[in-house]
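Undergrad: The sequence and its predicted three-dimensional model are supplied below.
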Amino acid sequence: MTALRRLLKVQRRLQALAARIPSIRLPDSALFWTLALIVPISTILSTRVWLRSAYSGGAFHLEGFVSQYAHGIYRYRVLGRFAVLFIFQHLQTVFRDRPFPMPRDPAATFLFYASIVILDALCFAVSNLLILYLFADERLRIADTRLAAYFYLTFVQVLAMAVVTPYDQLAYALMWVSLFAATRGKAWAAYPVLALAALAGTLTRETQFLVTPALFSAALFSGARSSARRWIAGCLNLAIFGAVYVALRVLYPGQQAIAAGPTGGGTWGLASGLALCLFFYVGTYLAGRIHSDLRPTVVLVALSVPYLAVILVSGVLRELRLLVPLLMVQAFLYVDLARLRPDSTAQAKCRPGAPLLY
């Protein structure tokens, strides 16, 4: 009993001491800047440095890269190819290249692989920052439901990075620049920025098209005051995308092509298609926690039919990167609608500190 009394006395003293310590609260923006810094660094180190892709191969040296990406459907994806070659040429002026064998490319060289990694790192960092900024409020706070959507989007994107290309991360970054300019930029500067991003995005990858379904869907379900800007931005993106898309196929030599040859979904096509549907279901569920309305997703999918048709006919469905752009525009759409037309349910779910699951 004596020992028990002593323990209780020590406990009371510790509690009194703890009560004297002033409460400490992290700044509202601490999480925002932590994620903006640590997620790109850890992602690139994990997917490009500590681990090396055993899926992609043959394009991590100059000759193999040019041979793969200067022909077929890849020749229309100009900007990523030029960006990698630009970085590589400048690295060669400073450093000496050396062999750097990859799991599926024994002829790979260090500087050429580093060029791809540098481009991916810069573009992923830009995308990550814009996603966080669009998901956060004016004080850079991120509600729990939006934080869950952010981590899910990042998780799927990291899984998709098993496929290494010179254009995927650049295309994602340009999509986010377009969406940011269309909805959050200053009115006088938004349209030139959107036009340049649409031009660069179409020169990078055909996924720039999905910006238009996202903006049209947001315009349909937002208020009249906000819808006009999104209609105009969506039409501007579509016009530039269409013009550049056609021009590339007219001006580039060789047989014109809209997509690669039929693939039947590739190896494990049926199972991969089912997996993509499940991934999309999770994204839809999380989006519904931000803004409780399924109709925007239905409209978004309907307007995205040209993209979906191409990937179903000529895509390799086990490459999760085919789904990433659709999940990105869906997440943007619901965050944008929650900001423009907050209903009582979405407001309760989106307030900072609200529980994630009920």
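TA: Okay, I see it.

Undergrad: only C-alpha atoms for contact and neighbour calcs from this point on.
TA: Will do.

Undergrad: Can you tell me what sits against stretch 313-321?
TA: Under the contact criterion Cα atoms under 8 Å, 6 or more residues apart in numbering, stretch 313-321 has outside partners 156-157, 159-161, 163, 168, 259-269, 272-273, 276, 311, 322.

Undergrad: Kindly supply the PyMOL command isolating those of these that are buried.
TA: A single PyMOL command selects the buried members of the contacts of stretch 313-321 (16 or more other Cα atoms under 10 Å):
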select buried, resi 156+157+160+161+163+168+264+265+266+269+272+273+276+311+322
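
Undergrad: now, which of the contacts of stretch 313-321 lie within helices?
TA: Secondary-structure check on the contacts of stretch 313-321 using DSSP state H: residues within helices are V156, Q157, L159, A160, D168, G269, S272, G273, L276, I311.

Undergrad: Pretty sure the fifth one sits against R205.
TA: Yes. Here D168 lies in contact with R205, judged by Cα atoms under 8 Å, at a distance of 7.4 Å.

Undergrad: about what we covered before: Throw the ones in helices among the contacts of stretch 313-321 into JSON lines and include pLDDT, thanks.
TA: Written out in JSON lines, the entries for the ones in helices among the contacts of stretch 313-321 read as follows (pLDDT from 0 to 100):
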{"residue": "V156", "pLDDT": "94"}
{"residue": "Q157", "pLDDT": "93"}
{"residue": "L159", "pLDDT": "91"}
{"residue": "A160", "pLDDT": "91"}
{"residue": "D168", "pLDDT": "94"}
{"residue": "G269", "pLDDT": "79"}
{"residue": "S272", "pLDDT": "89"}
{"residue": "G273", "pLDDT": "91"}
{"residue": "L276", "pLDDT": "93"}
{"residue": "I311", "pLDDT": "89"}
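
Undergrad: Among the residues you listed, which one lies nearest to A108?
TA: When those are compared for distance to A108 (Cα to Cα), D168 comes out closest, at 20.0 Å.

Undergrad: Please name the residues that touch that closest one.
TA: Per Cα under 8 Å, 6+ apart, neighbours of D168: R205, R321.

Undergrad: All further residue positions should be reported with the first residue as 41.
TA: Right, with 41 as the first residue, what we last looked at is D208.

Undergrad: how much space between it and L162?
TA: The spacing between D208 and L162, counted by Cα to Cα, to the nearest Å, is 12 Å.

Undergrad: Present the ones in helices among the contacts of stretch 353-361 as JSON lines; the columns should include distance to T337.
TA: Conversion of those to JSON lines gives the following (distance: Cα to Cα, whole Å):
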{"residue": "V196", "distance to T337": "18"}
{"residue": "Q197", "distance to T337": "20"}
{"residue": "L199", "distance to T337": "23"}
{"residue": "A200", "distance to T337": "22"}
{"residue": "D208", "distance to T337": "23"}
{"residue": "G309", "distance to T337": "24"}
{"residue": "S312", "distance to T337": "21"}
{"residue": "G313", "distance to T337": "19"}
{"residue": "L316", "distance to T337": "16"}
{"residue": "I351", "distance to T337": "19"}
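
Undergrad: ok, those residues vs L102, which is closest?
TA: Proximity of the ones in helices among the contacts of stretch 353-361 to L102 (Cα to Cα) peaks at D208, which lies at 18.8 Å.

Undergrad: Number of residues surrounding the spatially closest residue to A259 that is not a sequence neighbour?
TA: The spatially closest residue to A259, leaving aside those adjacent along the chain, is S267, at 4.1 Å (Cα to Cα, 6 or more residues apart in numbering). Taking other Cα atoms under 10 Å as the neighbour definition, S267 ends up with a count of 19.

Undergrad: Also the one 10 residues further on?
TA: By other Cα under 10 Å, the residues close to N277 number 28.

Undergrad: State the pLDDT value of P67.
TA: The score at P67 is 68. That number is its pLDDT.

Undergrad: my guess is H331 meets D376, correct?
TA: No. With contact defined as Cα under 8 Å, H331 does not count as touching D376 (9.1 Å).
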